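> sequence and predicted structure are below.
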Protein chains: 4
Amino acid sequence: MAESKDGRKTSGPLERVRASFEKQGLMQLLGAEVVEAGEGRCVIEVPFREELTQQERYFHGAVTGAIAHNAGGYAALTLAPPDREVLTVEYKVNFLAPAWGEKLVAHGEVLSAGRRLFVCRAEVEAVDGNERRTCATLLQTVTLSPVKVGE
Amino acid sequence: MAESKDGRKTSGPLERVRASFEKQGLMQLLGAEVVEAGEGRCVIEVPFREELTQQERYFHGAVTGAIAHNAGGYAALTLAPPDREVLTVEYKVNFLAPAWGEKLVAHGEVLSAGRRLFVCRAEVEAVDGNERRTCATLLQTVTLSPVKVGE
Amino acid sequence: MAESKDGRKTSGPLERVRASFEKQGLMQLLGAEVVEAGEGRCVIEVPFREELTQQERYFHGAVTGAIAHNAGGYAALTLAPPDREVLTVEYKVNFLAPAWGEKLVAHGEVLSAGRRLFVCRAEVEAVDGNERRTCATLLQTVTLSPVKVGE
Amino acid sequence: MAESKDGRKTSGPLERVRASFEKQGLMQLLGAEVVEAGEGRCVIEVPFREELTQQERYFHGAVTGAIAHNAGGYAALTLAPPDREVLTVEYKVNFLAPAWGEKLVAHGEVLSAGRRLFVCRAEVEAVDGNERRTCATLLQTVTLSPVKVGE
């Protein structure tokens, strides 16, 4: 826990990301986990399960896309004002290699942080024993979510 | 069931799509379903559940992305040679409105079919009672999967 | 010329788009022209010249991209507050067919207009005599440009 | 000049890229130049001129896009079989900062090279005196162009 300039208690980047992540039903369903987060970066992992596959038993591209765009979005959250959330405006993902292995690891980072818009990148690695292979790359635009009525 | 020019039995587009879809563990996990498929198009639905949400109880963007890119990919499959599968090369998705409601419906269609590459679009609607609202649009490149050794 | 609610003179969409377009050195260099604009849409054309080609004498993809993303951006400008300009945040373009013919025509439209962000689409047609062929499709995010100091 | 495994004369990556680049009318019109090329990478520059601007006298985003997607495409060409050309399937570009300065420099690289598809990235820097600022990032899919009849 840290104290921000205006005296409010704020948590560190990892606690902040986890507090939001834990409210995402989908991440629980996929079995994904935030393993690291710092200023402008976030790492999310998901272990292999049959329920996460496409028709040839690789990880489904939608799982790759899910953790990649969450890793990018949460990287942006670590740089957002303490009282604001973020929303993904759009993303593009290129699949580079079959997503095969015991887990996927998505490394998200902020490339550029503006007043309201963040541009983020994420790389997804498929890890199998000692082998690590980049299987996807994502480029994403994130915005601060609107301030809610009453705030 | 129909017979192709070379005398092999082939199924119609809907049966073909469903045969592949049913092998995707992830689609079962999400509770998604193929509700229509024809030449160059495919419609996929997913009903709301708590397990599919992001931190504010809307459908998670990754669910929207998942059914959109599957609807596009399966639209392409309906135009692929009978003995070939398809792979998503890349996609981009823009989120247009909060994905709120009792179900999401993704309408995929092929914009352009080349010898090896397909360009597809998908629109995702959030349906709530009588209201339908477009909540995302996707643009995607799909390729025929490599012919396997032994084929 | 029309009068806005606050009594300031405002021009129609076509005049507004042309006033900005004429200040773009690049559009003059390419020989591009705004041929239509209305609420949420804009059409830009560019006639063929050797100087606009790639190595096989088709229109260069960058020309296609240029008029597509300008058609999308100017479609958004027609919906922006009268005292604001717009900026392209990002775009994606898929090339569907060779861009061959006497001119290219880009049709831009706004898919979704938020308080600060617009999502736009553009289709580019290659026109050759009586033939019209869609050669590219673009999906784009546009934002209001920052208010300048002194405004 | 080098000799390939099958005894045919082949030129180095820089000569190969320049031979194609010089046939692109558009690159001459923009005043762009290939300044470096190696296995899987290519650097293209364009100096500032009034004719390359948008309405606020920055480099037009279409110029940024043009040299970024050419740098990516030519990075792929350096890895293509000696008798084949390449085509851009699609690209996405995010604008990170205003493109202001005496020149733009696009650094293209191949992230992944398959049998027929390449995934490329390009970063564009705006250079002004001693200052260098990344103003755009591009993610792109490139394919081998079809073999022509008679080849």
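Perfect, thanks for sending it.
> what does chain A put close to chain B?
Contact residues (Cβ under 8 Å from any Cβ of the partner chain) of chain A with chain B: A:20-21, A:23-30, A:49-56, A:60-63, A:65-66, A:69-70, A:85, A:87-95. No exception for glycine: its C-beta is placed from N, CA and C like everyone else's.
> need the buried ones from these selected in PyMOL.
For the buried members of the residues of chain A next to chain B, the matching PyMOL selection, counting by 16 or more other Cβ atoms under 10 Å in any protein chain shown, is:
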select buried, chain A and resi 20+21+24+25+26+27+29+30+51+52+53+54+55+60+61+62+63+65+66+69+70+85+87+88+89+90+91+92+93+94+95
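> got the CA coordinates for the top helix by length along chain A in CSV?
Counting by DSSP state H, the longest helix found in chain A is helix A:61-77. Provided in CSV are the C-alpha atoms of helix A:61-77 (Å, rounded to 0.1, in the frame of the first residue of the first chain):
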residue,chain,number,x,y,z
GLY,A,61,-6.8,-18.6,-30.7
ALA,A,62,-9.5,-16.9,-28.6
VAL,A,63,-7.6,-17.9,-25.4
THR,A,64,-4.4,-16.5,-26.8
GLY,A,65,-6.3,-13.3,-27.8
ALA,A,66,-8.0,-13.2,-24.3
ILE,A,67,-4.9,-13.2,-22.2
ALA,A,68,-3.0,-11.0,-24.7
HIS,A,69,-5.6,-8.3,-24.7
ASN,A,70,-6.0,-8.5,-20.9
ALA,A,71,-2.2,-8.3,-20.4
GLY,A,72,-2.1,-5.2,-22.6
GLY,A,73,-5.2,-3.6,-21.0
TYR,A,74,-3.9,-4.2,-17.4
ALA,A,75,-0.5,-2.8,-18.4
ALA,A,76,-2.4,0.4,-19.2
LEU,A,77,-4.4,0.2,-16.0
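> go through the residues of chain A next to chain B and flag which are in strands.
A:87-95 (DSSP state E).
> quick check: angle from the longest helix of chain A to strand A:86-95?
When axes from the mean of the first three to the mean of the last three Cα atoms, to 10 degrees is applied, the directions of helix A:61-77 and strand A:86-95 differ by 140 degrees.
> helix A:61-77 near chain D anywhere?
No - using Cβ under 8 Å from any Cβ, helix A:61-77 never reaches chain D; the gap is at least 11.7 Å.
> columns pLDDT and distance to C:Ala76 on top of the ones in strands among the residues of chain A next to chain B, output as JSON lines?
Listed next are these as JSON lines, based on pLDDT from 0 to 100; distance: Cβ to Cβ, whole Å:
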{"residue": "A:Leu87", "pLDDT": "95", "distance to C:Ala76": "19"}
{"residue": "A:Thr88", "pLDDT": "97", "distance to C:Ala76": "20"}
{"residue": "A:Val89", "pLDDT": "98", "distance to C:Ala76": "14"}
{"residue": "A:Glu90", "pLDDT": "98", "distance to C:Ala76": "15"}
{"residue": "A:Tyr91", "pLDDT": "98", "distance to C:Ala76": "20"}
{"residue": "A:Lys92", "pLDDT": "98", "distance to C:Ala76": "20"}
{"residue": "A:Val93", "pLDDT": "98", "distance to C:Ala76": "25"}
{"residue": "A:Asn94", "pLDDT": "98", "distance to C:Ala76": "27"}
{"residue": "A:Phe95", "pLDDT": "97", "distance to C:Ala76": "31"}
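> which one of the residues you listed is nearest to A:Val147?
Nearest to A:Val147 among these is A:Leu87, at 12.3 Å by Cβ to Cβ.
> show me the contacts for the closest one.
With contact set as Cβ atoms under 8 Å, 6 or more residues apart in numbering or on different chains, A:Leu87 has these partners: A:73, A:142-145, B:95.
> likewise for A:Asn70?
A:Asn70 makes contacts with A:21, A:24, A:27, A:32, A:42, A:44, A:106, A:108, B:62, as judged by Cβ under 8 Å, 6+ apart.
> for the closest residue to A:Gly40 other than its chain neighbours, grab phi and psi.
Spatial nearest neighbour of A:Gly40, chain neighbours left out: A:Val110 (4.1 Å); criterion: Cβ to Cβ, 6 or more residues apart in numbering or on different chains. Per-residue torsions, A:Val110: phi -90, psi 120 (degrees, to the nearest 10).
> show me which residues of chain A are close to chain D?
Going by Cβ under 8 Å from any Cβ, the residues of chain A near chain D are A:92, A:94, A:96-97, A:111-112, A:119, A:121, A:134, A:137, A:139, A:141.
> pLDDT score for the residue nearest to A:Leu96 when sequence neighbours are not counted?
Excluding its sequence neighbours, the residue lying closest to A:Leu96 (Cβ to Cβ, 6+ apart) is D:Ser112, at 4.1 Å. Per-residue pLDDT puts D:Ser112 at 97.
> quick check: A:Thr137 touching A:Asn94?
Yes - counting by Cβ atoms under 8 Å, A:Thr137 does reach A:Asn94; the two are 5.4 Å apart.
> overlap in contacts of the two?
In contact with both A:Thr137 and A:Asn94: D:111, D:119, D:139, using Cβ under 8 Å, 6+ apart.
> filter the residues you listed by proximity to chain A?
Among the shared contacts of A:Thr137 and A:Asn94, the residues within reach of chain A (Cβ under 8 Å from any Cβ) are D:111, D:119, D:139.
> who wins on neighbours among those residues?
D:Leu139 (26 neighbours; other Cβ atoms under 10 Å in any protein chain shown).
> could you report the separation of A:Leu87 from chain C?
10 Å (Cβ to the nearest Cβ, to the nearest Å).
> on that earlier part again, any chance of the shared contacts of A:Thr137 and A:Asn94 in a markdown table, plus secondary structure?
Output for these, formatted as a markdown table (DSSP: H, G, I helix; E, B strand; the rest coil):
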| residue | secondary structure |
| --- | --- |
| D:Leu111 | strand |
| D:Val119 | strand |
| D:Leu139 | strand |
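> chain C: which of the residues you listed is nearest?
Chain C lies nearest to D:Leu139 out of the shared contacts of A:Thr137 and A:Asn94, by Cβ to the nearest Cβ, at 8.8 Å.
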